[in-house]
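Participant: Could you work out the structure for the sequence below:
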Amino acid sequence: MDFWKWAVDQGLIAGDPAYYSTGKATSGEYAHAFNYSAGKAAASEVTHAIDIATEFYATGGGTTAPTGDTATTDADPGTLPGVLAGGQTIRVTEGGIQRFYQVYEFPAGSGQYVSYQFSGMPQVQATLGQMPPIADWAPWDFNSKVLAQAQAEEVVGLQGSWQGFTSEIMRDAAAQAGVRDPSLVGRIASDPEMQRIMANAVVGEWTQAQILAEQRKTAFWQDTLYPGISRFYGKTTEPEKAWLDYTANVEGGLIALGYARDADGTYNTQIKRMLDQGLDDQVFLSQVPIFQQAQQNVKYADVLNQWTQRDLGKTLDFGDFFGLLAGESLPELQAVAEKATLAYQASQAKAGISDAQIIRLAAETDMSEQQAAALFGEFNRAILALGEPGLKRGGLTRDEILSAAAGIDPQSGRSIEEVRLLAAKLAQENDLFDEEKIQFYTGYDTSGRPVRPGLAGLAPEGA
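Facilitator: This next block holds a predicted model:
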């Protein structure tokens, strides 16, 4: 092996190696020959290179050529033990001080590295042999490329391979992140914030709790892996589980409302919108049937919009259902939906009910849509049976008839029973309808059928 050719190949000197090996160079040229790409070497570096040369010749180097086409050293990657074989040895010189590292690209292809620092050249040679190939890195290059550092003892003697070592780290990271999509593992590896965290995991400086805490701060964690998860921070010790539960809860509602999935088959875009607006999953689910009905029924949508504007000061927007619900309590939303349902059924029956009456019915009854439809049907029949003349003759009002039909005390001061008896009597006097056709009810069964007859059963015989 020709030392001077080796020195040129290693970047220790520049020029024709034969000029030096044949003794043509002067002593000054020999001293000045050790020039690095970053600039002229320091005196200590020249001394070190000469020491290498001395050691090289003293041990018989250069006197015989090894077999094979490629020269090898004690640090040939094929001969290095375990994890050491996956890295390269570098030297960083700053302020006349040399530092030696074993560095590994991590993740592969990223151009970023983790480094393990040797205590000095003696440890380098003890670990890698007397003639390790050493690349020189400028300090600023080292600082920009190296994500995390540890001591060389972390990898010296470590069995296995660098790829196996780091693959295990990445698998653990993916498992800890709860990654369900294998393609996301690659995205973890390419994300700068996650690279830094995984690099610290590789060098073993952080505990699992520290790693997880750092991961939760990253944009990748909050926007890609668990979109909107920050809403759960500080509210639970397991925000990832809370996010998964939330996602599972709302997915059925998103499907029912026809929201489009993302390209990866998830609803992550919608999930993030919902969480960023602080939308409670139970509030959302409670309103899905209401909004679904509005999507399918324009008239109902109009009525719902009127009451939404009146009570919440918001406009019903099919493109921003989340915004409509955000910031509203479940009781407030339920009250709006109840009034809208009553108003819609009254409109369908053409009952001529005022907003004030709708508000009172909503406050004092708890009717389903079917029960509301039955109420307004009975109210219409009662008004038709009595007629305006009959109402005037008996001194009854439409509000009293409606209240009695709904089973709530009229505001006039009359009791429900008084209104029923008077209405039945007036209907008989009008002789327009048989009293059996005027049925006021105070309750309904679960299927919406009236279960308690009103006027007909209470009318006095012969009245």
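Participant: where does the protein dip in pLDDT?
Facilitator: Under the criterion pLDDT under 70, the flagged ranges of the chain are 1-15, 19-83, 158, 160, 162-190, 202, 204-206, 430-463.
Participant: Go again with 50.
Facilitator: The model of the chain has pLDDT under 50 over residues 1, 27, 34-41, 43, 46-47, 49-79, 432-438, 441-442, 449-463.
Participant: Would you mind writing the CA trace of stretch 194-214 as CSV?
Facilitator: Extracted C-alpha coordinates of stretch 194-214, given in CSV (Å, rounded to 0.1, in the frame of the first residue of the first chain):
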residue,chain,number,x,y,z
MET,A,194,-40.2,13.6,14.4
GLN,A,195,-36.7,13.0,13.0
ARG,A,196,-35.2,15.0,15.9
ILE,A,197,-37.3,13.1,18.5
MET,A,198,-36.5,9.7,17.0
ALA,A,199,-32.8,10.6,16.9
ASN,A,200,-32.9,11.4,20.6
ALA,A,201,-34.7,8.1,21.1
VAL,A,202,-31.9,6.3,19.2
VAL,A,203,-29.1,7.8,21.3
GLY,A,204,-31.1,6.9,24.4
GLU,A,205,-31.1,10.3,26.0
TRP,A,206,-34.9,10.5,26.6
THR,A,207,-37.3,8.3,28.4
GLN,A,208,-40.4,7.0,26.7
ALA,A,209,-42.5,9.6,28.7
GLN,A,210,-40.2,12.4,27.4
ILE,A,211,-40.4,11.1,23.9
LEU,A,212,-44.2,11.0,24.0
ALA,A,213,-44.4,14.5,25.5
GLU,A,214,-42.2,15.8,22.7
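Participant: you'd agree A260 is in a helix?
Facilitator: No: under DSSP: H, G, I helix; E, B strand; the rest coil, A260 falls outside any helix and is assigned coil.
Participant: how does the chain divide into domains?
Facilitator: Following automatic domain parsing, one gets these domains for the chain: 3-58, 72-220, 282-349, 356-458.
Participant: Which strands or helices does the helix or strand hosting V92 pack on?
Facilitator: Here V92, judged by DSSP states H and E, is contained in strand 88-94. The helices and strands touching strand 88-94, judged by 3 or more C-beta pairs under 8 Å, 6 or more residues apart in numbering; DSSP states H and E, are strand 97-105, strand 135-137, helix 139-145. Glycine gets a C-beta too; all of them are placed from N, C-alpha and C.
Participant: what's the most buried one of these?
Facilitator: Highest mean neighbour count of the helices and strands packed on strand 88-94: strand 97-105, a mean of 20 (counted as mean count of other C-beta atoms under 10 Å).
Participant: Which strands or helices does that strand pack on?
Facilitator: Judged by 3+ C-beta pairs under 8 Å, 6+ apart, strand 97-105 is in contact with helix 43-58, strand 88-94, strand 113-117, helix 121-128.
Participant: ok, that strand: who's next to it in the sheet?
Facilitator: Strand 97-105 pairs in its sheet with strand 88-94 (antiparallel), strand 113-117 (antiparallel), by DSSP bridges.
Participant: Can you tell me which of those is most buried?
Facilitator: Ranked by mean neighbour count under mean count of other C-beta under 10 Å, these are led by strand 113-117, which reaches a mean of 23.
Participant: Let me have that one in PDB, keeping just the CA atoms, if that works.
Facilitator: Only the C-alpha atoms of strand 113-117 are listed here, as PDB (Å, rounded to 0.1, in the frame of the first residue of the first chain):
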ATOM      1  CA  TYR A 113     -27.400  12.100  11.400                       C
ATOM      2  CA  VAL A 114     -27.000  10.900  14.900                       C
ATOM      3  CA  SER A 115     -23.500  10.900  16.400                       C
ATOM      4  CA  TYR A 116     -21.500   9.100  19.000                       C
ATOM      5  CA  GLN A 117     -18.400  10.900  20.200                       C
END
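Participant: how about the longest helix seen in the chain: buried residues?
Facilitator: In the chain, assigned by DSSP state H, the helix with the most residues is helix 369-394. Buried residues in helix 369-394, counted by 16 or more other C-beta atoms under 10 Å: 371-376, 378-380, 382-383, 385-386, 390-391, 394.
Participant: right, and out of those, which lies closest to L254?
Facilitator: A372 (28.7 Å; C-beta to C-beta).
Participant: quick one: that closest one from A349, how far?
Facilitator: In this view, A372 and A349 are 9 Å apart by C-beta to C-beta, to the nearest Å.
Participant: what does A405 give?
Facilitator: As judged by C-beta to C-beta, A405 and A349 stand 12 Å apart.
Participant: The two: who's more crowded?
Facilitator: Higher neighbour count among A405 and A349: A405, with 29 against 18, using other C-beta atoms under 10 Å.
Participant: Quickly note the distance from the more buried one to G395.
Facilitator: 18 Å.
Participant: Now do the buried residues in the helix or strand that contains L275.
Facilitator: L275 is part of helix 268-276, with elements assigned from DSSP H and E. Judged by neighbour count (16+ other C-beta under 10 Å), helix 268-276 contains these buried residues: N268, Q270, I271, K272, R273, M274, L275.
Participant: Quick check: what element follows it along the chain?
Facilitator: Scanning forward in sequence from helix 268-276 by DSSP H and E, the next helix or strand is helix 281-296.
Participant: residues contacting the nearest residue in space to F376 that is not next to it in sequence?
Facilitator: Distance criterion C-beta to C-beta, 6 or more residues apart in numbering; nearest residue to F376, sequence neighbours excluded, is A349 at 3.8 Å. Contact analysis of A349 by C-beta atoms under 8 Å, 6 or more residues apart in numbering lists A373, F376, G377, F379, N380.
Participant: Contacts only, for the second one.
Facilitator: Right, the one you point to is F376. Contact analysis of F376 by C-beta under 8 Å, 6+ apart lists Q345, A346, Q348, A349, A351, I353.
Participant: and the first one, how many residues sit next to it?
Facilitator: What that stands for is Q345. For Q345, using other C-beta under 10 Å, the count is 24.
Participant: Helix or strand: which one has it?
Facilitator: Using DSSP H and E, Q345 falls within helix 330-349.
Participant: Double-check G323 against M274; I have them as touching.
Facilitator: No: taking contacts as C-beta atoms under 8 Å, G323 lies outside contact range of M274: 10.2 Å.
Participant: Disregarding flanking residues, what is the spatial nearest neighbour of Q345?
Facilitator: A372 (4.1 Å).
Participant: correct me, but that neighbour touches Q348?
Facilitator: No: between A372 and Q348 there is no contact under C-beta under 8 Å: 9.5 Å.
Participant: Count the residues that sit near A138.
Facilitator: Counted with other C-beta under 10 Å, the burial measure for A138 works out to 15 neighbours.
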